[in-house]
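> got a predicted structure plus its sequence, pasted below:
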Amino acid sequence: MKHHTFLSADQKTDSHFICWPTDQEPIATIQLIHGMAEYVERYHEFAKYLNTLGFVVVGHDHLGHGESLAENGAPHGYFGKGDSVKFVLEDIEQVKLWIEEHYPTLPHFMLGHSMGSFALRTYLQEYKPTISGAIFMGTGAKAAMLPVALSITKGLNKTMPKKVNNWLDQLAFGSFSKQFPEASSFNWLSKNQENVRMYEADPLTGFTFTNNGFYTLFRLVDRANRQGWAERFEHDIPVLVISGEQDPVGDFGKGTRKVAKELDQAGIKVSLVLFAELRHEILLEKEKKNVYTAIGSWLKKRLKDL
């Protein structure tokens, strides 16, 4: 894998991204858009699997994540001063343009996980890129509390944007861990508790968002699920919706099915895959090879259809 940087849309930050080139003749590219409170190098094993299929894999650390800290001295979970949602979307676009510059003849796919899935769904509505397919992993529908959360965080983002907000974290995610027997507050991430322990031990994962971070997250979720969202896509883009059915982000399958249904109703060719026993981080469960295979099979089928 090769590490690179680009100037973020905030015009301040050298954003970090990784390219995993394949050892064989490449057949396509895929762009990874990671989730909340993590970083793209966590996808290394999955990227290497995609390499074996002939895919060049590229992904970046969002502002406030991994090696893309938004400002000197700013905490993780802070996206920066200004239109932070625009920063997120424009950085996705910059990575896509880098891929197109370096691999101009190859089909291009995009995969977003969790917060990254909401960012990708918003990006596809507003940028309408020409791509060969999109994958939404660990995604969900709009929660009932979202309008209240947006109202609260809008004000907090103006007055105390860099303040880490444990209360909001508990409000947004506190109920998730109560659904599962393990003691960790991150038990909802994975049935594989070794993954949970690694997540807790890693200083670059599991951090609590700032007020600015939560406002950015909630705006992405809101825009991803706005009225008629799926109708805003380019309709020739096939979509795979894939999640664990025990994932609270997808309301234990209900929200995930709603996303797939709305895509279908909009006339988009959508495939839905739910793993009955898996939770949120399906790429890091013990059964991850089954997830890899499902994604790889969908990608290869899409390439045959081109």
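Now that the structure is in, tell me what you want to look at. Numbering: from 1, shown residues only.
> can you show me the helices along the stretch 101-250 of the chain?
Shown for the stretch 101-250 of the chain, the helices assigned by DSSP state H, counting those that start in this stretch span residues 115-127, 146-159, 166-173, 193-201, 211-224.
> can you redo those as CSV with distance to residue 250 and mean pLDDT?
(Each C-beta comes from the backbone N, C-alpha and C, glycine too.) As requested, the helices of the stretch 101-250 of the chain are exported to CSV (distance: least, Cβ to Cβ, whole Å; pLDDT from 0 to 100):
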stretch, distance to residue 250, mean pLDDT
helix 115-127, 10, 98
helix 146-159, 15, 94
helix 166-173, 14, 92
helix 193-201, 18, 97
helix 211-224, 12, 97
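> format those helices as JSON lines; extra columns: mean neighbour count and distance to residue 269.
Below are the helices of the stretch 101-250 of the chain laid out as JSON lines (neighbours: other Cβ atoms under 10 Å; distance: least, Cβ to Cβ, whole Å):
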{"stretch": "helix 115-127", "mean neighbour count": "24", "distance to residue 269": "14"}
{"stretch": "helix 146-159", "mean neighbour count": "15", "distance to residue 269": "28"}
{"stretch": "helix 166-173", "mean neighbour count": "16", "distance to residue 269": "33"}
{"stretch": "helix 193-201", "mean neighbour count": "15", "distance to residue 269": "32"}
{"stretch": "helix 211-224", "mean neighbour count": "25", "distance to residue 269": "19"}
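> which among the ones you listed is found nearest to residue 77?
Residue 77 lies closest to helix 211-224 among those, at 3.9 Å (Cβ to Cβ).
> now for the least confident helix or strand in the chain by mean pLDDT, which elements pack on it?
Lowest mean confidence among the helices and strands of the chain (mean pLDDT, DSSP states H and E): helix 166-173, at a mean of 92. Counting contacts by 3 or more Cβ pairs under 8 Å, 6 or more residues apart in numbering; DSSP states H and E, helix 166-173 packs against helix 146-159, helix 211-224.
> distance check, residue 212 against residue 80.
From residue 212 across to residue 80, the span is 7 Å (Cβ to Cβ, to the nearest Å).
> could you find the closest non-adjacent residue to residue 234?
Leaving aside its chain neighbours, residue 234 sits nearest to residue 128 (5.3 Å; criterion: Cβ to Cβ, 6 or more residues apart in numbering).
> which residues touch that neighbour?
Counting by Cβ atoms under 8 Å, 6 or more residues apart in numbering, residue 128 touches 232, 233, 234.
> could you dump the helices and strands packed on helix 166-173 to CSV with distance to residue 188?
Shown next, in CSV, are these (distance: least, Cβ to Cβ, whole Å):
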stretch, distance to residue 188
helix 146-159, 18
helix 211-224, 17
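> show me the one of those that comes nearest residue 120.
helix 211-224 (8.2 Å).
> can you give me the angle that closest one makes with helix 166-173?
30 degrees (axes from the mean of the first three to the mean of the last three Cα atoms, to 10 degrees).
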